[in-house]
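Below are the sequence and a predicted model; questions follow.
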Amino acid sequence: MSGSSVGSAVATDRRQLAAELRAVCMRVSRRTRFAKDALVPPHQASVLGKLTEKVLTPRELADIECVSAPSMTRTVGCLVDKGLVRREADPSDGRQVRLFITEQGRTTIAQVRAHRDEWMLERLSALSEEECAVLEQAQEILGRVVAA
């Protein structure tokens, strides 16, 4: 095989690997996020997760979540109604609203994450030690991939 055909085969293999990894990651994400007994819908859990990290405005959340401002307003409204998030006027600019996660919101997102982790743990328990070691390496590598 010439150097260019080897390079072409490697590129094709990587393209196939990229497609397969993307599909598997999406299926894992979907399976963990859309559990039948979820405490909150995935989009609300995502917002709660962001608010555990820092106080944000609805506009900032909309930008982070790649949704429209009206869509985020509806999501935040639901979370406020459930007592999971509270709104406060920004002390330096009364026209701005800042969003804070409540203690109930922290408890809820902790339960959501624990439930998702439990789902994954159940699946990992069926694997061999060698397979788990491979997945440990893969998660480190995938972490670098998404950080880039």
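Everything's here; your move. Numbers count the residues shown, from 1 in each chain.

how much space between the closest residue to Arg116 other than its chain neighbours and His115?
Nearest residue to Arg116 in three dimensions, chain neighbours excluded: Thr32, at 4.4 Å (Cβ to Cβ, 6 or more residues apart in numbering). In short, each C-beta sits where N, CA and C put it, glycine included. Distance, Thr32 to His115, by Cβ to Cβ, to the nearest Å: 9 Å.

Compare these two (neighbour count), which wins?
With neighbours defined as other Cβ atoms under 10 Å, Thr32 and His115 compare such that Thr32 has more, 19 against 14.

buried sites along the host helix or strand of the more buried one?
Per DSSP states H and E: Thr32 is located in helix 3-33. Across helix 3-33, burial judged by 16 or more other Cβ atoms under 10 Å covers 32-33.

Show me what that helix is packed against.
For helix 3-33, the packing partners by 3 or more Cβ pairs under 8 Å, 6 or more residues apart in numbering; DSSP states H and E come out as helix 103-124.

helix or strand right after the helix it packs on?
Following helix 103-124 in sequence order, the next helix or strand is helix 129-147 (DSSP H and E).

Give me the angle between that following helix and helix 3-33.
Interaxial angle of helix 129-147 relative to helix 3-33 (axes from the mean of the first three to the mean of the last three Cα atoms, to 10 degrees): 100 degrees.

In CSV, list the C-alpha atoms belonging to helix 129-147.
C-alpha atoms of helix 129-147 as CSV (Å, rounded to 0.1, in the frame of the first residue of the first chain):
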residue,chain,number,x,y,z
GLU,A,129,-12.5,-5.6,35.1
GLU,A,130,-10.7,-5.4,31.8
GLU,A,131,-13.6,-3.7,30.0
CYS,A,132,-14.0,-1.3,32.9
ALA,A,133,-10.3,-0.4,32.6
VAL,A,134,-10.7,0.3,28.9
LEU,A,135,-13.7,2.5,29.7
GLU,A,136,-11.7,4.3,32.3
GLN,A,137,-9.1,5.1,29.6
ALA,A,138,-11.8,6.1,27.2
GLN,A,139,-13.4,8.5,29.6
GLU,A,140,-10.1,10.2,30.1
ILE,A,141,-9.5,10.5,26.4
LEU,A,142,-13.1,11.6,25.6
GLY,A,143,-12.6,14.3,28.4
ARG,A,144,-9.7,15.6,26.4
VAL,A,145,-11.6,15.5,23.2
VAL,A,146,-14.5,17.6,24.5
ALA,A,147,-12.2,20.0,26.3
